[in-house]
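Asks: pasting the structure only:
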């Protein structure tokens, strides 16, 4: 199970596998950094990878897909973990635990990739909006998974949105520090901090 | 103070004022609903309002601006309220109180407009991404206002993101019900629910 995830992750998120898809991904990341996302064409990516445009389009719908394919896997991972969490786990704990597992399984070995990718996304308004849209979709999918566990509204949506907030803040801290702790640490810290903040007096 | 806000709100969010800007806004909303946002041109909006394109561009940068001008005012309102909240108010309470005041001042009289606008935004991917981008910017601005009150990170960002989550969920409930309660009620309900959810066992 975890093996399948790790393979998926290796394929699209960290080290590019030696196959065509991996070479195309690595070439795209290099070119995005060198000349900017806007100024990079699929033809150039294919050329840098020593492959044809046709091969590119067999693996990616467009150049944007190189940056966002991994987010689909992240969403699938979270939905599966939340759905399979022990029934007695309260909703926000189920989400926080899924985020911690996600961090351990898919992110910690890939911090350099995450930072490179973040810089490319941050530099382009269209990509930033795309990222937010994917995060919102992830929140909706997690809320649906919680409803599938019998959590009612608005609790399901609030727990899912709180999870997105925890992840965003933790991710930002994890990528912005020199010699950081594992991402899971920042996720736990953010979840605890949010709990302290929301205590009602 | 509240007066100024109410005027700003009347101008851009509810009833269109009788002036050119208001007529253009109302014409745009009609056309977006009748033929879809994509199929509406600025020329058609101006024609429907009985005005020229030049007049349109004196008031709005583009047709998208008709839908998003109000969000700038919302952000300004929240930042001001959070900054001016009593010093002893904990961060998330300062945010929740600002949202409640926002609901009372700028939203409750404008539910029909909010629903019409939401339907137009929901039908168009570009507009949905734009909306998410504005919400994210609002979260960042509120976090900055909290830091200005001496709140440290990650508390400031988490409180601000929690505020966005509370607002999103409350807004969704408020617009989707027949004969709804005031938006402020849903905001308080969501804030309480989030507090219950995050209680650590």
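Replies: Sure thing, it's come through. On a predicted model such as this, the values are computed, not experimentally measured, just so you know.
Asks: Count the neighbours of residue A:115 for me.
Replies: Look at residue A:115: counted by other C-beta atoms under 10 Å in any protein chain shown, it has 12 neighbours. For glycine as for every other residue, the C-beta is placed from the backbone atoms N, C-alpha and C.
Asks: cool, residue A:97 as well?
Replies: Residue A:97, neighbours per other C-beta under 10 Å, totals 18.
Asks: if I look at it, how far off is residue A:89?
Replies: 7 Å (C-beta to C-beta, to the nearest Å).
Asks: Can you tell me the element residue A:184 falls in?
Replies: helix A:183-198 (DSSP states H and E).
Asks: touching chain B at all, that helix?
Replies: Yes - interface with chain B: helix A:183-198 contributes A:189-195, A:197-198 (C-beta under 8 Å from any C-beta of the partner chain).
Asks: Leaving out the residues flanking it, which one is nearest to the most centrally placed residue in chain A?
Replies: Among the residues of chain A, residue A:71 comes closest to the average C-alpha position under C-alpha atoms, centre = their mean, at 4.4 Å. Excluding the flanking residues, the one nearest residue A:71 by C-beta to C-beta, 6 or more residues apart in numbering or on different chains is residue A:134, at 4.6 Å.
Asks: Let me see the contact set for that neighbour.
Replies: Residue A:134 sits next to A:68, A:71, A:75 when contact means C-beta atoms under 8 Å, 6 or more residues apart in numbering or on different chains.
Asks: Return the set of buried residues in the longest helix seen in chain A.
Replies: The residue-count maximum for a helix in chain A (DSSP state H) belongs to helix A:125-148. Going by neighbour count (16 or more other C-beta atoms under 10 Å in any protein chain shown), the buried part of helix A:125-148 is A:127-136, A:138-139, A:141-143, A:145-147.
Asks: Equivalent analysis for stretch A:88-106, please.
Replies: Those would be A:90-103, A:105-106, for stretch A:88-106 by 16+ other C-beta under 10 Å.
Asks: contacts for it?
Replies: So stretch A:88-106 is contacted by A:2, A:5-6, A:9, A:13, A:70, A:73-74, A:77-78, A:81-82, A:85, A:142, A:146, A:149, A:151, A:155-156, A:159-160, A:162-163, A:166-167, A:170, A:182-184, A:187-188, A:191, B:197-198, B:201 (C-beta under 8 Å, 6+ apart).
Asks: next one: stretch A:149-158
Replies: A:82-83, A:85, A:87, A:91, A:94, A:139, A:143-144, A:146-147, A:159, B:165-166, B:168-170, B:172-173, B:189-190, B:193-194, B:197.
Asks: same thing but at 7 Å, please
Replies: Defining contact as C-beta atoms under 7 Å, 6 or more residues apart in numbering or on different chains, one finds that stretch A:149-158 is touched by A:83, A:91, A:143, A:146-147, A:159, B:165, B:169, B:173, B:190, B:193-194, B:197.
Asks: Looking at those residues, which one is closest to residue B:52?
Replies: Of all the contacts of stretch A:149-158, residue B:173 has the smallest distance to residue B:52: 41.6 Å, by C-beta to C-beta.
Asks: isn't the closest one right up against residue B:186?
Replies: Yes - using C-beta atoms under 7 Å, residue B:173 makes contact with residue B:186 at a distance of 4.8 Å.
Asks: Which one of these two is surrounded by more residues?
Replies: Per other C-beta under 10 Å, whichever of residue B:173 and residue B:186 has more neighbours is residue B:186, with 23 against 20.
Asks: Now for that one: which residues touch it?
Replies: Contacts of residue B:186 (C-beta under 7 Å, 6+ apart): B:170, B:173-174.
Asks: Intersect those with the contacts of chain A.
Replies: Contacts with chain A are made by residue B:173 out of the contacts of residue B:186, judged by C-beta under 7 Å from any C-beta of the partner chain.
Asks: how long is stretch A:119-130 from one end to the other?
Replies: One end of stretch A:119-130 to the other measures 14 Å (C-alpha to C-alpha, to the nearest Å).
Asks: any idea how far it is from the chain center?
Replies: The chain centroid and the centroid of stretch A:119-130 are separated by 14 Å under C-alpha atoms, centre = their mean, to the nearest Å.
Asks: Stretch A:117-124 now?
Replies: Distance of stretch A:117-124 from the chain centroid (C-alpha atoms, centre = their mean) equals 14 Å.
Asks: So which bits of it are buried?
Replies: Buried residues in stretch A:117-124, defined by neighbour count with 16+ other C-beta under 10 Å: A:117-118, A:120-121, A:124.
Asks: Ok, stretch A:151-171 next?
Replies: Neighbour counts over stretch A:151-171 (16+ other C-beta under 10 Å) mark A:151, A:154-171 as buried.
Asks: now residue A:92: how far from residue A:153?
Replies: 14 Å.
Asks: quick one: residue A:59 and residue A:24 touch, right?
Replies: Yes - Residue A:59 is within contact range of residue A:24, at 6.0 Å (criterion: C-beta under 7 Å).
Asks: and the closest residue to residue A:197 other than its chain neighbours, what element?
Replies: In space, and not counting its chain neighbours, residue A:197 is closest to residue B:92: 4.8 Å by C-beta to C-beta, 6+ apart. Secondary structure from DSSP H and E places residue B:92 in helix B:91-102.
Asks: what's the angle between that helix and helix A:183-198?
Replies: Between the axes of helix B:91-102 and helix A:183-198, defined by axes from the mean of the first three to the mean of the last three C-alpha atoms, to 10 degrees, the angle is 60 degrees.
Asks: Please tell me how far the helix or strand following helix B:91-102 is from the chain's geometric centre.
Replies: Per DSSP H and E, the first helix or strand lying C-terminal to helix B:91-102 is helix B:111-122. Here helix B:111-122 is found 11 Å from its chain centre; the criterion is C-alpha atoms, centre = their mean.
Asks: what's the closest of the buried residues of stretch A:117-124 to residue A:47?
Replies: Comparing these against residue A:47 with C-beta to C-beta picks out residue A:120 as the nearest, at 19.3 Å.
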